[in-house]
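A.B. asks: I'd like to go over a predicted model; first the sequence, then the structure.
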Amino acid sequence: MTVKSLGNPFSSKTDLRHGAECGCGSCVSAAVHREAEPDLSTSDAMLERAVESAIVRSVFGQSEVGRRSFMGMMGGSTMAAALASVFPMNAAKAAILDNLGTPEKTNLNIGFVPITCATPIIMAEPLGFYERYGLNAQVIKTAGWAVARDKSLAGEYDASHMLTPMPLAMTLGAGSVAEPYIMPAVENINGQAIVLSNEHLDKRDPTQWKGMTFGVPFEYSMHNFLLRYYVAEFGLDPDVDIQIRVVPPPEMVANLRAGNLDGYLSPDPFNQRAVWEGIGFIHMLTKDIWEGHPCCAFAAPLSFATELPNTYGALLKSIIDATQYASNPENRKEISAAIAPTNYLNQPVEVIEQVLTGTYADGLGNVQRVPDRIDFDPFPWHSMGVWILTQMKRWGYIEGDVDYKGVAEQVYLAADCKKVMEDLGYAAPDVTYKSHMIMGKSFDSSQPEAYIDSFAIKKG
């Protein structure tokens with residue numbers, strides 16, 4: 001599949017929302033619409049746009065001809081000023097915005113795959129975080145990521161637990177139909193591991209892995225990209241020297257036991273469960289590949305935020321508040337008990353505690369103490385999004401010209417996350433790009449193509 005970058009995916013000539021002949025009801029053409037269109041990268045901007053549209057409609061009624069004719073004569077940039085001369089536009093917007101807050105929709109379906117990376121999304125139900133912000137949210141267990149993607153695209157889920165590469169891929173149409181998605185919050189950082197079958201206790205050196213078969217939970221996953229990065233650093237071509245299979249996380253352990261997999265790079269608790277079952281050992285935590293790497297996230301269609309802005313805001317507050325609660329190590333045992341039941345992770349509490357507290361058996365006869373084996377930080381760094389896109393390009397998941405920063409900034413809504421974090425009293429970064437160190441190599445997000453070219457092993 002060849003997936004071309006959409007550049008700015010929300011304001012191209014064939015605009016994903018409005019079409020070439022703008023359908024917003026106010027503009028004579030898409031070009032005029034883009035001239036007048038504000039930055040919609042934050043929910044505040046989306047909301048202001050919706051309010052302004054409502055005021056325009058109140059002036060012209062439902063007459064498409066009247067609106068289009070007026071726009072054609074005046075031009076998009078002067079329309080608001082003209083209205084403001086006879087109508088207090090700013091005051092009206094402020095009054096409406098000040099009185100918003102009640103969710104338009106309170107009964108929500110939120111999908112999750114039963115892994116510890118989904119901890120904030122899951123625990124927000126039994127621990128009351130959704131209820132705190134006026135929502136009656138039901139979290140729905142989902143077998144795997146393809147199902148989560150398809151149910152979200154079909155509108156069965158209002159929002160969903162997703163892997164951080166997924167909303168980027170879905171926006172670009174990589175692996176699915178193109179649909180603009182947003183990711184305003186990361187769920188967890190770190191929290192994954194490479195597990196090998198006990199049959200390979202003598203193969204701790206990855207150069208010995210030629211011919212072995214590994215599982216990852218989804219193609220568009222940090223698991224896939226981190227495994228590929230890791231073996232390539234040891235001189236193995238992941239498309240030639242090993243076999244990588246997509247296996248839903250709940251099926252990882254059974255496939256390891258049956259010998260269908262030699263190992264896997266998987267989310268927990270299935271790494272720890274392999275040790276618990278006595279069939280595998282932890283070769284390496286992914287935090288030792290990239291300290292602080294993102295994994296899972298809270299994501300939704302762009303339309304969810306634009307059509308239900310109050311609901312979106314309440315849900316984002318619920319998720320970020322729960323994520324910050326999970327980031328406190330003192331809360332991890334309580335959380336382990338809350339998410340262990342059958343309708344959530346369906347795992348022994350002891351297994352989940354080993355993951356969340358970072359005190360765990362490694363399957364090699366040792367008890368390790370790594371408090372940040374998994375951690376929780378909601379901020380969606382744009383530089384992380386750029387890195388993910390470079391790996392999608394490196395391994396052939398997207399081809400052609402890619403607007404790395406443009407796509408990352410449109411999908412990863414760092415401004416929304418920062419605003420909610422600060423509203424809730426949490427500290428938030430003032431920048432959205434930073435350098436990242438992956439296996440001793442620094443990643444500069446301002447030079448993505450040079451970064452890809454620096455690798456000896458890549459697709460093509």
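C.D. replies: Sure, I can see it.

A.B. asks: Glu330: how many residues sit nearby?
C.D. replies: 6 (other Cβ atoms under 10 Å). Just so you know, the C-beta spots here come from the backbone N, C-alpha and C atoms, and that holds for glycine as well.

A.B. asks: try the one 10 residues further on
C.D. replies: By the measure other Cβ under 10 Å, the count of residues near Ala340 is 18.

A.B. asks: show me what contacts the residue nearest to Phe443 when sequence neighbours are not counted?
C.D. replies: In space, and not counting its chain neighbours, Phe443 is closest to His436: 4.6 Å by Cβ to Cβ, 6 or more residues apart in numbering. By Cβ atoms under 8 Å, 6 or more residues apart in numbering, the contact set of His436 is Trp290, Gly292, His293, Ser383, Met384, Trp387, Ser442, Phe443.

A.B. asks: Can you pull out the residues in contact with stretch 122-135?
C.D. replies: Residues outside stretch 122-135 that contact it (Cβ under 8 Å, 6+ apart): 102-103, 106, 108, 112, 136-139, 311, 314-315, 317-319, 321-322, 325-326, 335, 338-339, 344-345.

A.B. asks: oh, I was asking about stretch 309-317
C.D. replies: Residues outside stretch 309-317 that contact it (Cβ under 8 Å, 6+ apart) are 43, 46-47, 50, 100-106, 108, 110, 130, 133-135, 137, 158-159, 184-185, 298, 300, 304-305, 416-417, 420, 423-424.

A.B. asks: and what of stretch 348-359?
C.D. replies: Stretch 348-359 is contacted by residues 116, 119, 191, 268-269, 271-273, 276, 329, 332-333, 335-337, 339-340, 345, 360-361, 367-374 when judged by Cβ under 8 Å, 6+ apart.

A.B. asks: Give me the buried subset of these.
C.D. replies: Buried members of the contacts of stretch 348-359, counted by 16 or more other Cβ atoms under 10 Å: 116, 119, 191, 268-269, 271-273, 276, 332, 335-336, 339-340, 345, 360, 372-374.

A.B. asks: Point out the ones among these that are inside strands.
C.D. replies: Using DSSP state E, the subset of the buried ones among the contacts of stretch 348-359 located in strands is Tyr360, Ile374.

A.B. asks: any idea what sits nearest Gly292, other than its immediate chain neighbours?
C.D. replies: Once flanking residues are discounted, Gly292 sits nearest to Ile189: 5.1 Å by Cβ to Cβ, 6+ apart.

A.B. asks: Give the bridge partners for that neighbour, please.
C.D. replies: Bridge pairing for Ile189 (DSSP bridges) gives the partners Pro294, Asp375.

A.B. asks: still on that earlier bit, and the contacts of His436, which are buried?
C.D. replies: Using 16+ other Cβ under 10 Å, the buried ones in those are Trp290, His293, Ser383, Met384, Trp387, Phe443.

A.B. asks: Reformat those residues as TSV; add secondary structure and distance to Ala408.
C.D. replies: Shown next, in TSV, are the buried ones among the contacts of His436 (DSSP: H, G, I helix; E, B strand; the rest coil; distance: Cβ to Cβ, whole Å):
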residue	secondary structure	distance to Ala408
Trp290	coil	17
His293	coil	15
Ser383	helix	8
Met384	helix	8
Trp387	helix	9
Phe443	strand	13
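
A.B. asks: For Trp209, which non-adjacent residue is spatially closest?
C.D. replies: Take Trp209 and drop its neighbours on the chain: the residue closest to it by Cβ to Cβ, 6+ apart is Ile242, 5.8 Å away.

A.B. asks: what's the neighbour count on that neighbour?
C.D. replies: Other residues close to Ile242 by other Cβ under 10 Å number 20.

A.B. asks: so what's Asn188 up against?
C.D. replies: Applying Cβ under 8 Å, 6+ apart to Asn188 gives the contacts Thr116, Cys117, Thr119, Pro120, Pro294, Cys295, Cys296, Ile374, Asp375, Phe376, Asp377.

A.B. asks: got JSON lines for these, with pLDDT and distance to Val231 too?
C.D. replies: Listed next are those as JSON lines, based on pLDDT from 0 to 100; distance: Cβ to Cβ, whole Å:
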{"residue": "Thr116", "pLDDT": "97", "distance to Val231": "24"}
{"residue": "Cys117", "pLDDT": "97", "distance to Val231": "22"}
{"residue": "Thr119", "pLDDT": "98", "distance to Val231": "28"}
{"residue": "Pro120", "pLDDT": "98", "distance to Val231": "31"}
{"residue": "Pro294", "pLDDT": "97", "distance to Val231": "21"}
{"residue": "Cys295", "pLDDT": "96", "distance to Val231": "19"}
{"residue": "Cys296", "pLDDT": "97", "distance to Val231": "22"}
{"residue": "Ile374", "pLDDT": "98", "distance to Val231": "23"}
{"residue": "Asp375", "pLDDT": "98", "distance to Val231": "25"}
{"residue": "Phe376", "pLDDT": "98", "distance to Val231": "28"}
{"residue": "Asp377", "pLDDT": "97", "distance to Val231": "27"}
